[in-house]
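> I would like to see how this sequence folds:
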Amino acid sequence: MQAETPKLVLASASASRRAVLIAAGLRFEAVAAAVDEAAIKESAQAEGIPPTEAALMLAEAKAMRVARRWPDALVIGGDQLLVCDGIWYDKPADMAAARRQLLALRGRRHELVNGTVAWRGGQRIWQDVTTPRLTLRDFSEEFLDAYLAAEGEVLLASVGAYRLEGLGVQLMAQVEGEHSAILGLPLLPLLRFLRQHGVLAA
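Numbers count the residues shown, from 1 in each chain. Have a look, this model is predicted:
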């Protein structure tokens, strides 16, 4: 179902994004992109750039960096921002920060802004913004502490401090959006793009 060329490269070290592509049967190489994400976010916020554009900026920076090593490959860059009532959240630095963040999100709706970019031949050839919306239930602090103890530091790799594919689903009151987009890589628009460009059989 997948053409031999171009080579598909995922510009990400995210285990969730890799798992999404593997589950869809894609052959690819995953390469971490050395990008100063914090600096890009800070600059975007200082300039009043909306989260949708900032997510695309981050995705493109990753794709561009990796594409330098594989100029003939089709490089996919992706990034995800968590936004709640205008506040941008980062991956928690430690378990105490994860607890504070989940308490801040408790009983509230937030957005996971996904920017995805495809880069080939020295230029961006596709982009997509997908924004799932999730609402956390009004859980007790007793439940939260039990949840954090059960999940452990694996949560620190998630911008939301939860894994919807794991115990994190118990935090949720409502989930709107494609599951793969919540994991960090909107799969349906990406597959559509790959079919349109002959990478996947139509």
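
> now stretch 86-100, how far from the centre of its chain.
16 Å (C-alpha atoms, centre = their mean, to the nearest Å).

> Just the residues contacting stretch 166-181, thanks.
Here stretch 166-181 makes contact (C-beta atoms under 8 Å, 6 or more residues apart in numbering) with 20, 102, 107, 109, 112, 114, 130-139, 143, 147, 150-151, 158, 160, 162, 164, 182, 186-188. C-betas here are computed from N, CA, C, even on glycine.

> List the buried residues of it.
168, 171, 177, 180-181 (16 or more other C-beta atoms under 10 Å).

> Pull up the distance across it, start to finish.
End-to-end distance for stretch 166-181: 15 Å, by C-alpha to C-alpha, to the nearest Å.

> Return the distance of it from the chain's centre.
Remark: stretch 166-181 is offset 14 Å from the chain centroid, using C-alpha atoms, centre = their mean.

> gap between the most far-flung residue of the chain relative to its centre and residue 148?
Most distant from the centre of the chain: residue 142, at 29.0 Å, with distances by C-alpha atoms, centre = their mean. According to C-beta to C-beta, to the nearest Å, residue 142 stands 11 Å off from residue 148.

> Give me the helices and strands touching the helix ranked longest in the chain, please.
The residue-count maximum for a helix in the chain (DSSP state H) belongs to helix 51-67. Applying 3 or more C-beta pairs under 8 Å, 6 or more residues apart in numbering; DSSP states H and E, we find helix 51-67 packed against strand 8-11, helix 37-46, strand 74-84, strand 109-120, strand 123-130.

> Looking at the ones you listed, which is nearest to residue 93?
Relative to residue 93, the nearest member of the helices and strands packed on helix 51-67 by C-beta to C-beta is helix 37-46, separated by 11.6 Å.

> any idea how far the closest one is from the chain center?
Helix 37-46 sits 17 Å away from the centroid of its parent chain (C-alpha atoms, centre = their mean).

> Kindly report the same for stretch 27-34.
Relative to where its chain is centred, stretch 27-34 has its mean C-alpha point 14 Å off (C-alpha atoms, centre = their mean).
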